[in-house]
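1. Sharing a sequence plus its predicted fold:
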Amino acid sequence: DQQVKQNSPSLSVQEGRISILNCDYTNSMFDYFLWYKKYPAEGPTFLISISSIKDKNEDGRFTVFLNKSAKHLSLHIVPSQPGDSAVYFCAASAFSGTYKYIFGTGTRLKVLA
Amino acid sequence: DVKVTQSSRYLVKRTGEKVFLECVQDMDHENMFWYRQDPGLGLRLIYFSYDVKMKEKGDIPEGYSVSREKKERFSLILESASTNQTSMYLCASSFTSGNTQEQYFGPGTRLTVT
């Protein structure tokens, strides 16, 4: 059973516009969420995170929104740039003392110049 | 700058071979993780370790074992490689305490089993 779901396998956005990547989860015990970005032939790199006590976290062009009642989080990238083209994974954790994460299946973002 | 290194970027092995994938981190992290990444399945946790000589099964441990003899090194072992273990293998590490729960990933090893 997939506890963290990214239902859109791919997304194309025009340069300069907003990219919105979505993630749904089923486990109400999750209390920490992260987004990772992955380029081909590289390991994922951390992008932004949010604790369940917040509903929004912003870092430059990247904003993560958390809707706990809907068990939904989203990543907004504004403005989108061609260098943002990558696979984005959301991940969730229910603290077990070891920060073990459950990852989604990923969304491939393509930003068109 | 945190660095997680993996011993090989590309590896080709034959069915039945014993395969060792090595991972080293230089940030004195307590936790280390092995994932595999497959198209449409995302990252799935194989094993993790929260201390030297400690290990716990992840979501898909079958066919794998691990070893953590030193804090900085975490090895993934495929006892008898099979074609369904062809995948991208990613190692990660993290602190246990602190405000950040970020995991730092290595570049990955693309393993092909023929």
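-> Cool, the structure landed. Residues are numbered from 1 along each chain as shown, chains lettered A, B, ... in the order given.
2. got any ranges where chain A has weak pLDDT?
-> In the prediction, chain A carries residues with pLDDT under 70 at positions A:1, A:96-99.
3. Quickly note the distance from the residue of it found nearest chain B to B:G108.
-> Residue nearest to chain B within chain A: A:G43 (3.3 Å; C-beta to the nearest C-beta). The C-beta positions use only the backbone N, C-alpha and C, and glycine is treated the same way. With distances taken as C-beta to C-beta, to the nearest Å, A:G43 is found 5 Å from B:G108.
4. Overlap in contacts, these two.
-> B:L90 (C-beta atoms under 8 Å, 6 or more residues apart in numbering or on different chains).
5. who has more neighbours, those two?
-> With neighbours defined as other C-beta atoms under 10 Å in any protein chain shown, A:G43 and B:G108 compare such that B:G108 has more, 24 against 21.
6. Quick check: A:V78 touching A:E58?
-> No. With contact defined as C-beta atoms under 8 Å, A:V78 does not count as touching A:E58 (10.3 Å).
7. quick one, strands of chain A?
-> A:4-5, A:10-14, A:19-25, A:32-38, A:45-51, A:56-59, A:62-67, A:72-77, A:86-93, A:102-103, A:107-112 (DSSP state E).
8. repeat for chain B
-> Counting by DSSP E, the strands of chain B are B:4-6, B:10-13, B:19-25, B:31-38, B:42-51, B:54-57, B:64-70, B:73-78, B:87-94, B:104-105, B:109-113.
9. If you count neighbours, what's buried in the last one?
-> Neighbour counts over strand B:109-113 (16 or more other C-beta atoms under 10 Å in any protein chain shown) mark B:T109, B:R110, B:L111, B:V113 as buried.
10. Could I get the average pLDDT for that strand?
-> Per-residue pLDDT over strand B:109-113 has a mean of 97.
11. elements contacting that strand?
-> If you count contacts as 3 or more C-beta pairs under 8 Å, 6 or more residues apart in numbering or on different chains; DSSP states H and E, strand B:109-113 packs onto strand B:10-13, strand B:19-25, strand B:87-94.
12. Which stretch among those is buried most, on average?
-> strand B:87-94 (a mean of 24; mean count of other C-beta atoms under 10 Å in any protein chain shown).
13. neighbouring contacts of that strand?
-> A:43-44, A:99, B:2, B:4, B:6, B:21, B:23, B:25, B:27, B:29-38, B:43, B:74, B:76, B:101-106, B:108-111.
14. check contacts around the closest residue to B:T5 other than its chain neighbours.
-> The shortest distance from B:T5 to any non-neighbouring residue, by C-beta to C-beta, 6 or more residues apart in numbering or on different chains, is to B:V24 (5.1 Å). If you count contacts by C-beta under 8 Å, 6+ apart, B:V24 has them with B:V4, B:T5, B:E72, B:R73.
15. Could you check how far B:V24 is from chain A?
-> With distances taken as C-beta to the nearest C-beta, to the nearest Å, B:V24 is found 14 Å from chain A.
16. Can you check what pLDDT the model gives that residue?
-> 97.
17. Surely A:V4 is in contact with A:A94?
-> No. A:V4 lies out of contact with A:A94 (C-beta under 8 Å); the separation is 11.3 Å.
18. neighbour count winner among those two?
-> Taking other C-beta under 10 Å, A:V4 and A:A94 do not tie; A:V4 has more neighbours (23 against 15).
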